[in-house]
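K.L.:
Next input, structure requested:
(4 chains)
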Number of protein chains: 2
Amino acid sequence: MKRVELSKIARQGSGGDSFEWAPVRATSVASKIVVQIRDALFSGSLRPGDSLGSEKELVQQFDVSRITVRDALRSLETMGIVEIRAGAGGGARIAAGNLERISDALAIQFKLTGVSEQETVDAQIAIEGAAVVLAAARRTAADLAYLSELLDEAESFLDDPVNFTESGHRFHLALIKASGNRVLTAQFSALRHAVWPKNSDRAKPDNARRALAAHRELFEAVRDGQGDVAREMMCSHLEDIRKIEFPNEADDELGGTMCC
Amino acid sequence: MKRVELSKIARQGSGGDSFEWAPVRATSVASKIVVQIRDALFSGSLRPGDSLGSEKELVQQFDVSRITVRDALRSLETMGIVEIRAGAGGGARIAAGNLERISDALAIQFKLTGVSEQETVDAQIAIEGAAVVLAAARRTAADLAYLSELLDEAESFLDDPVNFTESGHRFHLALIKASGNRVLTAQFSALRHAVWPKNSDRAKPDNARRALAAHRELFEAVRDGQGDVAREMMCSHLEDIRKIEFPNEADDELGGTMCC
DNA sequence: GAAAATTTGTTCGTATGTATC
DNA sequence: CGATACATACGAACAAATTTT
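P.N.:
Alright, predicted model coming up:
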């Protein structure tokens, strides 16, 4: 339960922006507190679990009003940097990482920016394609057992579009997790949550059969350690899905550019 | 300048969580305002540029105190959903998308989670490798001109490690932007900001020469539309960098698994 | 389990800096 | 340049929730 000494805020100071990305409205006092704590996190002087003290203590340390401290804490909380608990022994502390939080940020900015489905699927191909290469090299027996289970499950859902789609999602996720790479896993989850149709009703039986066959081949390639084969299969499988889910892009002259 | 009618907050209501991700502390009144506005964004009833009114107006609309509205606005601002301007005609309005904000969110969670350098570099290989394939197919004349400029710049920095490293970063970024995929660009930026050494002093002249040669070959492959060649080059180039920047991982038995 | 202490959540009033018209 | 509108900031206080005793 380390306590870190934080300096008072210079009201009219220039505020050291050690990052190249612009902090949110660096003019406000609250944002200077935010920047200071974020810097401390990245420099390593603050780590998950460290306590920042209560609102009252922060008011004293920074010599600002309670509202200013609250503004800063609200921002830090929204960024996922701090967790706030009420009651005795509570207060603000540096949060543990939560990679699922990334989905929110991605979804919001994708929505506001209006990125195309093509960009999203291309990014997904990049991530899943690389992930299966790693998975083919690192998959454990437990990974293979779970993937095999999911294949059986999917087969039982061949005539149940909703459940089939969801099962297929779990298969993709398990495949990526088998890569052992949390960065790729987080980025995949974010993309999936951000822009894919929530309830795809396009998983008609014939499409489902096709997808299941692709999943089986993927499984075998990963099981046999054939990374390159798995990558190509994943790519053509996703191009297939792209044509089904986003038919308006099917006539893109660059279709299949990625790898297959 | 559309105005959207927002309903009052039910103090003890259950609060409709229409998303699967848990909103931040759904118990507080402020977070209910946040959820309501975020929902309105995703449902399409709020779009970039729409005005939410001033703090005072929001106080009246939601029938809560000023500080509660402030808390909500601070969260929404941090999420990048609203922009707040002071002065007459100011107030809160729905922000335009800013994909750089994603980098922040990713970098923070990667830092808090403590992902390994190996995971990061593997993800970078996935993203940059796919990006150059797209870049080879889509690069414009302007892209090539800028990349060529950066190569000349880098050559002049061969004996200046700090500037050489920075110039090289710009080259990688320009290469990815040439893919025309903003999702890949955002994810790359995040990785770069999150875990790479800020001031790499390892760009010794001999390493610099090696890197520059790799960049030249990458440029030629992209220029000539040879996507597969570019991918392999990018991969081996990044594996090279991995060995230089993170020598403690050089003996990883899985080195070179990705593609080369 | 109940009481007490601690801390956040919420409200009101007021003053000040700042951007717009 | 002045007036207006707005966000930012400060102080005091009570309510609600949570943890400790």
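
K.L.:
Could you give the secondary structure assignment for residue A:180?
P.N.:
Per DSSP: H, G, I helix; E, B strand; the rest coil, the local secondary structure of residue A:180 is coil.

K.L.:
what's the spacing between the closest residue to it other than its chain neighbours and residue A:53?
P.N.:
Taking C-beta to C-beta, 6 or more residues apart in numbering or on different chains, and ignoring the residues beside it in sequence, residue A:180 has residue A:138 as its nearest neighbour in space, at 5.0 Å. The C-beta positions use only the backbone N, C-alpha and C, and glycine is treated the same way. With distances taken as C-beta to C-beta, to the nearest Å, residue A:138 is found 42 Å from residue A:53.

K.L.:
Might one say that the residue nearest to residue A:180 is in contact with residue A:179?
P.N.:
Yes: here residue A:138 reaches residue A:179: they are 6.4 Å apart, a contact under C-beta atoms under 8 Å.

K.L.:
Which strands or helices does the top helix by length along chain A pack on?
P.N.:
Using DSSP state H to assign secondary structure, the helix with the most residues in chain A is helix A:117-138. For helix A:117-138, the contact count by 3 or more C-beta pairs under 8 Å, 6 or more residues apart in numbering or on different chains; DSSP states H and E identifies helix A:161-177, helix A:182-195, helix A:205-223, helix A:227-245, helix B:117-138, helix B:182-195 as packing neighbours.

K.L.:
Among those, which comes closest to DNA strand D?
P.N.:
Closest approach to DNA strand D among the helices and strands packed on helix A:117-138 is made by helix B:182-195 (25.2 Å; C-beta to the nearest atom of the strand).

K.L.:
So which elements touch the closest one?
P.N.:
Under the contact criterion of 3+ C-beta pairs under 8 Å, 6+ apart, helix B:182-195 touches helix A:101-113, helix A:117-138, helix A:182-195, helix B:100-113, helix B:117-138, helix B:161-177.

K.L.:
Which stretch among those approaches residue A:45 most closely?
P.N.:
Closest approach to residue A:45 among the helices and strands packed on helix B:182-195 is made by helix B:100-113 (12.5 Å; C-beta to C-beta).

K.L.:
what's the spacing between residue A:154 and residue A:233?
P.N.:
Where residue A:233 is concerned, residue A:154 sits at a distance of 16 Å (C-beta to C-beta).

K.L.:
I'd like the helices and strands packed on helix B:182-195 as a markdown table, with distance to residue A:32 appended.
P.N.:
Supplementary listing: these in a markdown table, determined by distance: least, C-beta to C-beta, whole Å:
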| stretch | distance to residue A:32 |
| --- | --- |
| helix A:101-113 | 22 |
| helix A:117-138 | 35 |
| helix A:182-195 | 30 |
| helix B:100-113 | 17 |
| helix B:117-138 | 29 |
| helix B:161-177 | 27 |
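
K.L.:
These into TSV, with extra columns for distance to DNA strand D, mean neighbour count and mean pLDDT?
P.N.:
What follows is the helices and strands packed on helix B:182-195, written out as TSV (distance: least, C-beta to the nearest atom of the strand, whole Å; neighbours: other C-beta atoms under 10 Å in any protein chain shown; pLDDT from 0 to 100):
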stretch	distance to DNA strand D	mean neighbour count	mean pLDDT
helix A:101-113	20	23	86
helix A:117-138	33	24	94
helix A:182-195	27	23	86
helix B:100-113	17	22	88
helix B:117-138	33	25	94
helix B:161-177	31	19	93
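
K.L.:
okay, the ones you listed in CSV with distance to DNA strand C next?
P.N.:
Output for the helices and strands packed on helix B:182-195, formatted as CSV (distance: least, C-beta to the nearest atom of the strand, whole Å):
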stretch, distance to DNA strand C
helix A:101-113, 18
helix A:117-138, 33
helix A:182-195, 26
helix B:100-113, 20
helix B:117-138, 34
helix B:161-177, 31
